[in-house]
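J.: any chance you could fold what I've pasted below:
(one chain, ligands or ions: 1)
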Amino acid sequence: MTTPRGVTGAEGRGGGPDVEVWWVGVGAARDEFVRDLDEVERGRLAGYLREVDQARFLLGVTLVRRVLARRFSLPAAKVVLDRSCSECGKPHGKVRATGVELSVTHSGDLVGIAVADRPVGLDVEQVDPGVDVDAVARVALTEAQVRELSGYDGIARARAFTTYWTRKEAVVKATGEGLGGDLRAAVPDGVQVQDLDVGVDHRAALAVVDAEAPVVKVYDGKELLG
Ligand SMILES: [Zn+2]
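T.: Numbers count the residues shown, from 1 in each chain. Just a heads-up that it's a prediction; the model follows:
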């Protein structure tokens, strides 16, 4: 049985929902993981041209399959995942499974998934030191955030900006409102959002649709890949 590397949220047993977060480095991908993929997933995998994109996709699928396999006591290949797009029905939508809420994210060196019993959004972004903070901040951040950003320089500024961005993405992923919504809007009522520590090169945030802060358990995905 795996033990979490970190737990944040309500002390002891608060009223908030449990959320599992699993992270793995992109270098952990192995060809043998492809065995557990279904036809749709193999097609998607083959569609990625760059090896690193294949590795990220393969690891995301593998984490989802293995975490759910553990949760539902099934072989990973038997976990039924639905990727139908809510717009057109084609299998390029957000991954879903019956009885559980999922969110998958990857950027730079990291792949992560969040699993909960209510809508959840996980986002990781590699910090890009060259990001044009001012250009994006104007359309994507609240006025308060823009003011706060002015207190930072250089890489600290890029990190702070990326933190805000991941929070926003996590909320959008949890609520499913899509990028058509106002990017500058504050966090909606009934959504909890928090930062997750993933080291200095990446920023990450988790959002959960619930009235109370979640109890978040963070795991090392390598434990599932052995
Ligand atoms: Zn579609």
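J.: can I see the domain layout of the chain?
T.: Following automatic domain parsing, one gets these domains for the chain: 1-6+17-118+214-226, 119-209.
J.: now these in TSV, with mean pLDDT and mean neighbour count?
T.: In this view, the C-beta of every residue, glycine as well, is placed from N, C-alpha and C. As requested, the domains of the chain are exported to TSV (pLDDT from 0 to 100; neighbours: other C-beta atoms under 10 Å):
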stretch	mean pLDDT	mean neighbour count
domain 1-6+17-118+214-226	93	17
domain 119-209	88	17
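J.: compare those domains and report which one is nearest to the ion.
T.: domain 1-6+17-118+214-226 (3.0 Å; C-beta to the ion).
J.: check whether that closest one contacts the ion.
T.: Yes. Domain 1-6+17-118+214-226 lies within reach of the ion by C-beta under 5 Å from the ion, at 85, 87, 88, 90.
J.: who's in contact with the residue nearest to residue 52 when sequence neighbours are not counted?
T.: The shortest distance from residue 52 to any residue other than its chain neighbours is 6.3 Å, reached at residue 26 (C-beta to C-beta, 6 or more residues apart in numbering). Applying C-beta atoms under 8 Å, 6 or more residues apart in numbering, we find residue 26 in contact with 52, 55, 56, 59, 106, 108, 109, 110, 111.
J.: which of the residues you listed sit farthest apart?
T.: 59 and 108 (12.8 Å; C-beta to C-beta).
J.: coming back round to it: may I see the residues of domain 1-6+17-118+214-226 next to the ion arranged in CSV, with secondary structure as well?
T.: Shown next, in CSV, are the residues of domain 1-6+17-118+214-226 next to the ion (DSSP: H, G, I helix; E, B strand; the rest coil):
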residue, secondary structure
85, coil
87, coil
88, coil
90, coil
